[in-house]
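# Give the three-dimensional model of this entry:
(one chain, ligands or ions: 2)
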Amino acid sequence: MTTAQATSNAPDDRGMARLGQIIAVASGKGGVGKSTVSTNLALALAAMGARVGLVDADLYGPSVPGMLGIETGKPPSMSPLRKVIPAQAHGIKVISMGMLTGDDKPAVLRGPMVAKYLQMFMLEVEWGTLDFLVLDLPPDTGDTQLTLAQSFPLTGAVVVTTPQDVSLKIARRGIRMRLRACNGSMFREP
Ligand SMILES: Nc1ncnc2c1ncn2[C@@H]1O[C@H](COP(=O)(O)OP(=O)(O)OP(=O)(O)O)[C@@H](O)[C@H]1O
Ligand SMILES: [Mg+2]
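Residues are numbered from 1 along each chain as shown. Ligands and ions are numbered 1, 2, ... in the order given. Predicted coordinates:
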């Protein structure tokens, strides 16, 4: 995990600095515990006294609101600066598609809209100043991973898998895809 550079379409450094250390929780495989790990990681960091945000980047299958008991389907309030006010749950700030649409309604989004929502979740939410921003990624290696990997400098990633060969293989492939997508510049020094 080296280099401090963000890729060319990255937002400016000041905005990024306020988000703190950005940690992605990923796996190419579905249902292996990404959201459980993301949520518990965020809560554990908050319990240690850190200021923590959690982005539910699984736009098609948001499960963080359910895990944290956050109300869904009710659009969040906007700040005077037209930023989205995140939900507060158990000491962390949270944004999720489930808050906007309800967590049992399908999000019908094409690729460009996925990128727009992710940019909004990262940059147009009133996060304040954070120590850590944890990203709960969806179970694929598609638009979400590419957008986040190429637009935001991640401090690190947690790759979740189960012990089975099939799951390990998919998780390894996901790691290789992410490294390739970032061309080695995905990570920055903590
Ligand atoms: N360590 C664990 N041991 C047993 N069950 C677990 C563990 N972690 C998560 N689970 C259970 O596995 C299921 C899937 O977990 P979770 O939703 O966190 O996975 P996910 O990888 O985020 O899924 P998706 O790919 O659909 O987003 C849940 O029912 C969760 O309670
Ligand atoms: Mg999940």
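
# Tell me which residue of this structure lies closest to ligand 2.
Proximity of the chain to ligand 2 (CB to the ion) peaks at Ser35, 3.3 Å away. All C-beta spots, glycine's among them, are computed from the backbone N, C-alpha and C.

# and the helix or strand hosting that residue, how far from the chain's centre?
Using DSSP states H and E, Ser35 maps to helix 34-47. Remark: helix 34-47 is offset 12 Å from the chain centroid, using CA atoms, centre = their mean, to the nearest Å.

# close to ligand 1, is the helix or strand following it?
Later in the chain than helix 34-47, the nearest helix or strand by DSSP H and E is strand 52-56. No - applying CB under 6 Å from any ligand atom, one finds strand 52-56 separated from ligand 1 by no less than 9.5 Å.

# I'd like the next helix or strand past strand 52-56.
helix 64-68.

# average pLDDT for that next one?
Helix 64-68 carries an average pLDDT of 96.

# ok, now which ones touch the residue of the chain closest to ligand 2?
Residues in contact with Ser35 (CB atoms under 8 Å, 6 or more residues apart in numbering) are Asp56, Asp58, Ser63, Val64, Met67, Asp136.

# now with 10 Å?
Residues near Ser35 by CB atoms under 10 Å, 6 or more residues apart in numbering: 25, 54, 56, 58, 61-64, 66-67, 136-139, 160.

# before we move on, what about Ile170?
Ile170 touches Ser27, Gly28, Lys29, Gly30, Val32, Pro139, Asp140, Thr141, Thr161, Gln164, counting by CB under 10 Å, 6+ apart.

# So is the helix of greatest length in the chain next to ligand 1?
Using DSSP state H to define each element, the chain has its longest helix at helix 165-182. No - between helix 165-182 and ligand 1, judged by CB under 6 Å from any ligand atom, nothing touches; the nearest distance is 10.2 Å.
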